[in-house]
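J.: Structural data only, the sequence is not supplied:
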């Protein structure tokens, strides 16, 4: 039996270029109606959905369209305005909503936008609910009778609620007095949240990327472009730099020397601190892209490590199946299930800062025991029918590279989830050799299953 495929939902909601199907006002109207209809069937007498968004200009348009669709289905709306994705997850739970909707394209630039959903418990929607929404999308819109139409209202204290939640995720005796922190909010949804969180916990805060204009989200800033943050940390002689992405679910850091500290290293710092405090968190879940150095460093601490497929949805699934509470991706998407229900950049940064405060050691010192292996990745355009597993030449080439690397390296061939590209990754001790092997392996892949083959 062929596995049922979703038409619209990907691994993290629905995303694409604004004005191109399905990221259009008419689709969002119908999506709001479809979601409202599905959740109305699940709730009690009166249902409610909350909607938050990041700072990109198209958010206004899609917010209005979703509002019309949801209320047409007879479901009330609470509008949060600009709000980090994890804040919507939290507020979905505390406001007792049937669901939360986030209008965001995460770390993409303003030309893109998308939709993410949260269930009543603040977790991502299960597959069966996404399938139910897609099934509803195939039907014509019907509006409930006028007396049953949903009502819309604004939540005026949403930011304050979430700020207090973030602060409550660390021990009450911890203060960051004496720490000088540079925050890069990527001109995104954390711009009016993150500075308050860290200032109220006692840190001296210098903020950049806090002047969104609808068009500058993630532009040369944030977790995907931390160069300006690194420069500012060095210029201001700060202790640490913290960069979020446009919707606030990712974080990367900069140590006082100007070095980028990625998600693997942040995971290590948090895991090591939890082990030091004898906190039972089970183990750490990374992905197939997590650096081999992380696995080895955790092994030295006798902390179990497992890999999932790339994507926070798969990290979460692995955590739940194993009963563990800590996982994440190299990109900075960190999940601390003992603190919150989803990846949260601010909450994750607070866990790392807690380790710094408790040990009175710098971020550079805390990451010094993790020796990251050089990685090289080459993208190869492939045909839709490309069959890597069925190519004996590709499999032999992979085996040859693995033999050269031995136990001190890895090879990964991973198809992209968003474009017809095969990502060829080689990891090993010697950067020059790793690059050479990645290029050679990519040439074999291109010759065998490349788009021009």
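T.: Right, received. Where do you want to start? Predicted model only: the values in this text are computed from it and were never measured.
J.: quick one: residue 16 is in a strand?
T.: Yes. Counting by DSSP: H, G, I helix; E, B strand; the rest coil, residue 16 is located in a strand.
J.: what number of residues lie near it?
T.: Neighbourhood size, residue 16 [other CB atoms under 10 Å]: 20. C-beta here means a position set from N, CA and C on the backbone, and glycine is covered the same way.
J.: Same question for residue 172.
T.: Using other CB under 10 Å, residue 172 has 7 other residues around it.
J.: what's the answer for residue 143, then?
T.: 14.
J.: could you pull out the helices for this structure?
T.: 25-42, 58-72, 85-94, 127-137, 158-167, 194-200, 227-236, 263-276, 292-300, 312-322, 345-359, 363-366, 392-405, 431-449 (DSSP state H).
J.: could I get those helices as a markdown table with distance to residue 19?
T.: Listed next are these as a markdown table, based on distance: least, CB to CB, whole Å:
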| stretch | distance to residue 19 |
| --- | --- |
| helix 25-42 | 9 |
| helix 58-72 | 8 |
| helix 85-94 | 23 |
| helix 127-137 | 19 |
| helix 158-167 | 29 |
| helix 194-200 | 31 |
| helix 227-236 | 30 |
| helix 263-276 | 32 |
| helix 292-300 | 40 |
| helix 312-322 | 27 |
| helix 345-359 | 28 |
| helix 363-366 | 42 |
| helix 392-405 | 38 |
| helix 431-449 | 33 |
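J.: Tell me which of those lies nearest to residue 414.
T.: helix 431-449 (11.4 Å; CB to CB).
J.: quick revisit: of the helices of the chain, which approaches residue 111 most closely?
T.: Using CB to CB, the helices of the chain put helix 58-72 closest to residue 111, at 8.7 Å.
J.: Which one of the helices of the chain lies nearest to residue 179?
T.: Nearest to residue 179, of all those, is helix 345-359, at 7.2 Å by CB to CB.
J.: Tell me the helices and strands packed up against the closest one.
T.: When contacts are defined as 3 or more CB pairs under 8 Å, 6 or more residues apart in numbering; DSSP states H and E, helix 345-359 packs onto helix 85-94, helix 158-167, helix 194-200, strand 240-244, strand 251-254, helix 263-276, strand 334-336, helix 363-366.
J.: Kindly calculate the angle that the fourth one makes with helix 345-359.
T.: Direction vectors for strand 240-244 and helix 345-359, defined by axes from the mean of the first three to the mean of the last three CA atoms, to 10 degrees, enclose an angle of 160 degrees.
J.: Need the contact partners of strand 240-244.
T.: Identification of contacts with strand 240-244 by CB atoms under 8 Å, 6 or more residues apart in numbering yields 84, 179-186, 188, 190, 194, 198, 209, 221-223, 226, 229-230, 232-233, 250-256, 345-346, 349, 353, 356, 363.
J.: about what we covered before: for the helices and strands packed on helix 345-359, give me JSON lines that also has mean neighbour count, mean pLDDT and distance to residue 384.
T.: Listed next are the helices and strands packed on helix 345-359 as JSON lines, based on neighbours: other CB atoms under 10 Å; pLDDT from 0 to 100; distance: least, CB to CB, whole Å:
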{"stretch": "helix 85-94", "mean neighbour count": "25", "mean pLDDT": "98", "distance to residue 384": "31"}
{"stretch": "helix 158-167", "mean neighbour count": "19", "mean pLDDT": "98", "distance to residue 384": "42"}
{"stretch": "helix 194-200", "mean neighbour count": "20", "mean pLDDT": "98", "distance to residue 384": "41"}
{"stretch": "strand 240-244", "mean neighbour count": "30", "mean pLDDT": "98", "distance to residue 384": "35"}
{"stretch": "strand 251-254", "mean neighbour count": "28", "mean pLDDT": "98", "distance to residue 384": "34"}
{"stretch": "helix 263-276", "mean neighbour count": "23", "mean pLDDT": "98", "distance to residue 384": "31"}
{"stretch": "strand 334-336", "mean neighbour count": "26", "mean pLDDT": "98", "distance to residue 384": "32"}
{"stretch": "helix 363-366", "mean neighbour count": "18", "mean pLDDT": "98", "distance to residue 384": "44"}
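J.: want to throw these into CSV with distance to residue 56?
T.: Formatted as CSV, these follow (distance: least, CB to CB, whole Å):
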stretch, distance to residue 56
helix 85-94, 13
helix 158-167, 18
helix 194-200, 18
strand 240-244, 15
strand 251-254, 20
helix 263-276, 24
strand 334-336, 24
helix 363-366, 31
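J.: how about these, which one is nearest residue 9?
T.: So among the helices and strands packed on helix 345-359, helix 85-94 is nearest, using CB to CB, at 15.9 Å.
J.: distance between the closest one and the chain's centre?
T.: Relative to its chain's centre, helix 85-94 lies at 15 Å (CA atoms, centre = their mean, to the nearest Å).
J.: try stretch 231-239
T.: On CA atoms, centre = their mean, the centre of stretch 231-239 falls 26 Å from that of its chain.
J.: contact partners of that stretch?
T.: 179-182, 184, 206, 208, 240-241, 254, 256, 258, 356, 362-363.
J.: wait, which of the residues you listed is closest to residue 50?
T.: Out of the contacts of stretch 231-239, the member with the shortest distance to residue 50 (by CB to CB) is residue 184, at 27.0 Å.
J.: Pull the number of nearby residues for that closest one.
T.: For residue 184, the number of neighbouring residues by other CB under 10 Å comes to 30.
J.: these two touch, right, it and residue 205?
T.: No. Residue 184 sits out of contact with residue 205 when judged by CB atoms under 8 Å, with a separation of 11.4 Å.
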